[in-house]
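In: build me a model from this:
(chains A, B, C and D)
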There are 2 protein chains.
Amino acid sequence: MLSERKRTILKALISDYIQRAEPVGSRTLARRYNLGISPATIRNEMADLDEMGYLEQPHTSAGRVPSYKGYRYFVDSLMQAEKLTPQEEQRLSKSLQQRLAKIDTVFYRASRALSEVSHYISLIMGPFLGQQIFRQLRLVPLDSQYVMVLLITDTGLVQNRIVEIPAGVSAAELDQIARLFTKLLAGVPLEDLTSSLLQELYTMFSRRNRFLQEFFADLITNLAADEGERVYLGGTTNLLKHPEFNDMEKVRGLLGLLEEREFLCSLLADVTSEDIEITIGEENKYVEMKECSIVTASYEIGGRKVYTIGVLGPTRMDYARVVSAVDFMRKQLSDTLREIIR
Amino acid sequence: MLSERKRTILKALISDYIQRAEPVGSRTLARRYNLGISPATIRNEMADLDEMGYLEQPHTSAGRVPSYKGYRYFVDSLMQAEKLTPQEEQRLSKSLQQRLAKIDTVFYRASRALSEVSHYISLIMGPFLGQQIFRQLRLVPLDSQYVMVLLITDTGLVQNRIVEIPAGVSAAELDQIARLFTKLLAGVPLEDLTSSLLQELYTMFSRRNRFLQEFFADLITNLAADEGERVYLGGTTNLLKHPEFNDMEKVRGLLGLLEEREFLCSLLADVTSEDIEITIGEENKYVEMKECSIVTASYEIGGRKVYTIGVLGPTRMDYARVVSAVDFMRKQLSDTLREIIR
DNA sequence: CATTAGCACTCTCTGGCAGAGAGTGCTAAC
DNA sequence: GTTAGCACTCTCTGCCAGAGAGTGCTAATG
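Out: Next comes the predicted model:
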């Protein structure tokens, strides 16, 4: 419902502001972009856009700055994604190329690369331990005294721990115990392994075979703790590059939040769409994020969220580039993880 | 060789500066501490200390500020460690209490707690993968297609990976291969697993049994990468609380460095003493750290460094408290890890 | 002879003020 | 409908004066 001319002006203004971080005036706009109309005309249009809520004035005699509504409109119907350069794409895919055992490492590198390419802060949330599905329990004797307990899930993830073998338990018995657990628990999501369920299981064993109790107790603690331990963060210092964060107070507030893993989780937890979602300024749940935007996408296999990635920056973020980066990374990660997770 | 009075003045001045972060004048010193002498006398003494290099003047008519030499003297022979409160000690030990499977988690929590208690930045470097000693290789078949490769070291650490079983290799054969590897490599530190050594081993196998090649190649890559992946960092935002870091440029420089894992490693790599070491300002290798100090301690078992912990803050750091915190944490961590690592 | 009071001097910091610069809204002309 | 012109507003910068804090030096003191 905006006239074509208003759209052109709005687009030019926002692009300019994203680039230079300074309020844009009518004169500047006329000079820098070949709009074919005079500053005075632009002024009139800008006054309209201001009244409609797309633009704001920091003070009476400054240029205009996009409002939240302005950004929203820009993102939804003005902007077109800006392709990454081949070098940038390479930087992103290269970060995933090393096939490493630890999935942690994959995410860590990915997040680093994403922050470097986007020039903002990157967030990656890996799969939640509790959503993994129990597949096998293995007891691998190390020597006569100790046995290694292995818990293998559908994604190949292993929970391992060395445990003392109770006196008089033979290798055959260990094997039997492992088989029993495997049989009983196969297919159960780890988050369903409550202590009451385990208690039931234990009643099936003779007293001396309860040495796994501690292992499972730990596992449950792990599950509870895990919620906060699977977020990878990269490029925090990128925040400091932008003039809107020249204020120490703001920086401290935001960086402080970013140290809280629970906060990071809650930022990404809601994202479920595989499409790219953009949350701008006021749309955020947190006051401290009022001047930030976040671009996210997530990925699921069989109803279980495998990962969510996001890029966080000031509202004055280069959405066109960031969207491309997130999109590219999303695809790359999916391909990589499809191989690692079976 | 400093007179008792000079020592008293120096101590009072540095303590005051550490607390308030502002140049201390003779009047202030006389007023705040009951030294029993007049400002004029203090002025004379301060002039001496200035000339001797223990104090500095930001400008002609400001109070004095400790120089690097002043801090050094303070730390070595004036300061006495300030006991932590029971609450603080509890906070530290509690962070280690949860016996969790992943050693990662232990370090992560420890570093968080240490930064909270110290109010500065904490660094913890965990054990280096390459120093672990090969103990066993295990091949645990998951189903007819895949086998889980387990590498167990002396500290119980496991490198695991799911690998496809080459067609026609029986379970018995897998077992045989695992035994052979175990026999040949037992006792070898992982860092000695070079590709040439492995090449030699491979020649002993028939062609179809080389499916472990990829696993070891990954392991070697991991080893190389690991150097940088075992540093845990906590409390970065604490940096921003201190007035010496009101300058954005400084903050960006330092936070940028702290994002580089190689940098963090190099900070801690040299520390070998189990005693507490204090590195002050200029003593640091890095220019960016000229205004920072770091308090470190490390811990070894059988000649292998198990961990190094450190607290990093401005030169105007509350050394008395930090030393206590590092000392306490060092002991706690040793106790905890002695249990986990066998 | 060490200590101290007094004093002139130095340097920073703060607030007020003027002028430059950038941008606006309004009006009148095209 | 578009544009040129103009008065007006607001910020930013640099400058200056006065306050405040601290120093070094000198001379008096116990």
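In: for residue A:15, give its distance to residue A:70.
Out: Distance of residue A:15 to residue A:70, computed by C-beta to C-beta, to the nearest Å: 12 Å. Yep, even glycine has a C-beta here, placed from its N, CA and C like the rest.
In: quick one, which of these two is more surrounded?
Out: Using other C-beta atoms under 10 Å in any protein chain shown as the criterion, residue A:15 and residue A:70 rank with residue A:70 on top: 25 against 19.
In: what's the closest non-adjacent residue to the more buried one?
Out: Spatial nearest neighbour of residue A:70, chain neighbours left out: residue A:54 (4.0 Å); criterion: C-beta to C-beta, 6 or more residues apart in numbering or on different chains.
In: what's around that neighbour, how many residues?
Out: Residue A:54: 25 neighbours (other C-beta under 10 Å).
In: next one: residue A:235
Out: Neighbours of residue A:235 using other C-beta under 10 Å come to 25.
In: got a pLDDT number for it?
Out: Looking at residue A:235, its pLDDT is 94.
In: give the helix, strand or coil label for the residue nearest to it when sequence neighbours are not counted.
Out: The shortest distance from residue A:235 to any non-neighbouring residue, by C-beta to C-beta, 6+ apart, is to residue A:115 (2.6 Å). Under the three-state scheme (DSSP: H, G, I helix; E, B strand; the rest coil), residue A:115 adopts helix.
In: now do the contacts for residue A:115.
Out: Residue A:115 is in contact with A:121, A:122, A:234, A:235, A:238, A:311, counting by C-beta atoms under 8 Å, 6 or more residues apart in numbering or on different chains.
In: among these, who's most crowded?
Out: If you count neighbours using other C-beta under 10 Å, the busiest of these is residue A:311, which has 31 neighbours.
In: wait, isn't that residue in contact with residue A:117?
Out: No: under the contact definition of C-beta atoms under 8 Å, residue A:311 does not touch residue A:117, with a separation of 9.3 Å.
In: quickly list what's touching both of the two.
Out: residue A:325.
In: coming back round to it: ok, the residue nearest to residue A:235 to residue A:121 distance?
Out: 6 Å.
In: overlap in contacts, those two.
Out: What both residue A:115 and residue A:121 touch, as defined by C-beta under 8 Å, 6+ apart, is the set A:234, A:235, A:238, A:311.
In: please identify which of those is nearest to DNA strand D.
Out: residue A:238 (23.8 Å; C-beta to the nearest atom of the strand).
In: can you pull the pLDDT of that closest one?
Out: Confidence score, pLDDT, at residue A:238: 94.
In: so it sits in a helix?
Out: Yes: when the secondary structure is assigned by three-state DSSP, residue A:238 falls within a helix.
In: quick one, what contacts it?
Out: Counting by C-beta under 8 Å, 6+ apart, residue A:238 has contacts A:115, A:119, A:120, A:121, A:313.
In: what ranges does the stretch 1-150 of chain A have for its strands?
Out: Secondary structure of the stretch 1-150 of chain A (DSSP state E, counting those that start in this stretch): strands located at A:55-56, A:65-66, A:121-125, A:134-141, A:146-153.
In: ok, the last one near chain B or not?
Out: Yes: counting by C-beta under 8 Å from any C-beta of the partner chain, chain B is contacted by strand A:146-153 at A:146, A:148, A:150, A:152.
In: now the angle between strand A:134-141 and that strand, please.
Out: 170 degrees (axes from the mean of the first three to the mean of the last three C-alpha atoms, to 10 degrees).
In: among the shared contacts of residue A:115 and residue A:121, which lie within strands?
Out: Among the shared contacts of residue A:115 and residue A:121, the members falling in strands (DSSP state E) are A:234, A:311.
In: quick check: of the shared contacts of residue A:115 and residue A:121, which lies closest to residue A:248?
Out: Proximity of those to residue A:248, judged by C-beta to C-beta, is greatest for residue A:238, which lies at 16.9 Å.
In: distance of that closest one relative to DNA strand C?
Out: Per C-beta to the nearest atom of the strand, to the nearest Å, residue A:238 is found 27 Å from DNA strand C.
In: what does residue A:298 give?
Out: 40 Å.
In: SS state for that residue?
Out: strand.
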